[in-house]
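1. Any chance you can model this:
(one chain, ligands or ions: 2)
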Amino acid sequence: MNIFTDGNHLNIYIVLGSLLLLSVIVFIRYLAFSSLYHLVFFNWLKTYFSHRFLHAKPWKKKQLRKEVIWSLVSGIIFALFIIFTFILQIEGYTAVYTKVEEFGWFYLIGSIFLVLFVQDTYYYWMHRWMHLPSVYKYCHLVHHKSVHTSVFTSFSFHPLETILQAMIIPIIAIFIPLHLYAIIAIISLMTLSATVNHAGVEIYPSGTFGKWFKKWVIGATHHDAHHKKFNHNYGLYFTFWDRLMKTELDE
Ligand SMILES: [Zn+2]
Ligand SMILES: [Zn+2]
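-> Ligands and ions are numbered 1, 2, ... in the order given. Model (predicted):
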């Protein structure tokens, strides 16, 4: 049964109500995690990792306020695409599955990495396209207004960029079989990665493992360099596209 329809017509009240509820959930997810990182974890980082801060000056309140407002708009757009995907699922068009046994645990864990790879590839090329001068000012400038990035920059995009980012949600849901556990893991990793990469402090360990991890997985230093130098370090989660296409900035 499709809860969004009355017979063959969309029930506009249910759709709008769900949109409002989901927008709040998506936005609160961002705000709660960013605030937690900024206010609680950050003070702890300041005590023990003050030498790893990437900026000397404190953030301007005006910048943080703007980032939160743009993020609210991003929350509404993401909610729209999630509802659209949910309708597709009810109508039987997605590959979402409910029983782990259908594909097994090995596939379930593999599907998380597969989605991260697909999203990373899509983002890398879209990101390079958004840096073309004719596209940049209409699409990507809002995100780059934050040169001294903060945790709140992590969801701060122009609506056109948010649409481009969210478009991949229904496409992935249609083509890649995903279990709810994998979906929760992907959303958690997305939130974690976006927050860590914009926080303005490097938290990856400095030992051998840390160096190896930093070489392949994007962190604060890598993405901070993108906000400062613009034409390098376009990746989302992993560095391999930047390394392959020679767009990675040498540290
Ligand atoms: Zn950019
Ligand atoms: Zn960024």
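2. Only C-alpha atoms from now on, for both contacts and neighbour counts.
-> OK.
3. Quick check: the residue positioned nearest the centre of the chain vs F155, distance?
-> Most central in the chain under Cα atoms, centre = their mean is M190, positioned 4.6 Å from the mean C-alpha point. Look at M190 and F155: by Cα to Cα, to the nearest Å, they are 11 Å apart.
4. what's the answer for H143, then?
-> 9 Å.
5. cool, F117 as well?
-> Taken as Cα to Cα, the span from F117 to F155 is 20 Å.
6. pLDDT below threshold where in the stretch 1-150 of the chain?
-> Scanning the stretch 1-150 of the chain for pLDDT under 70 picks out 1, 7.
7. Which of the three states applies to the residue nearest to the centre of the chain?
-> The local conformation at M190, judged by DSSP: H, G, I helix; E, B strand; the rest coil, is helix.
8. so where do the strands sit in the stretch 101-250 of the chain?
-> Taking DSSP state E, counting those that start in this stretch as the test, none of the stretch 101-250 of the chain falls into strands.
9. Pick out whichever of H143 and F155 has more residues nearby.
-> Neighbour count, other Cα atoms under 10 Å: between H143 and F155, F155 has more, with 26 against 19.
10. residues contacting the more buried one?
-> 30, 67, 70-71, 74, 194 (Cα atoms under 8 Å, 6 or more residues apart in numbering).
11. Looking at those, which is nearest N11?
-> Distance to N11, by Cα to Cα, is smallest for S74 among the contacts of F155, at 23.9 Å.
12. K246 versus that closest one, what's the distance?
-> The value you get for S74 to K246, if Cα to Cα is used, is 31 Å.
13. For those two, indicate the residue with more neighbours.
-> Shown here are S74 and K246; by other Cα under 10 Å, S74 has more neighbours (26 against 11).
14. The more buried one and P159 touch, don't they?
-> Yes - the criterion here is Cα atoms under 8 Å, and S74 meets it with P159 at 6.4 Å.
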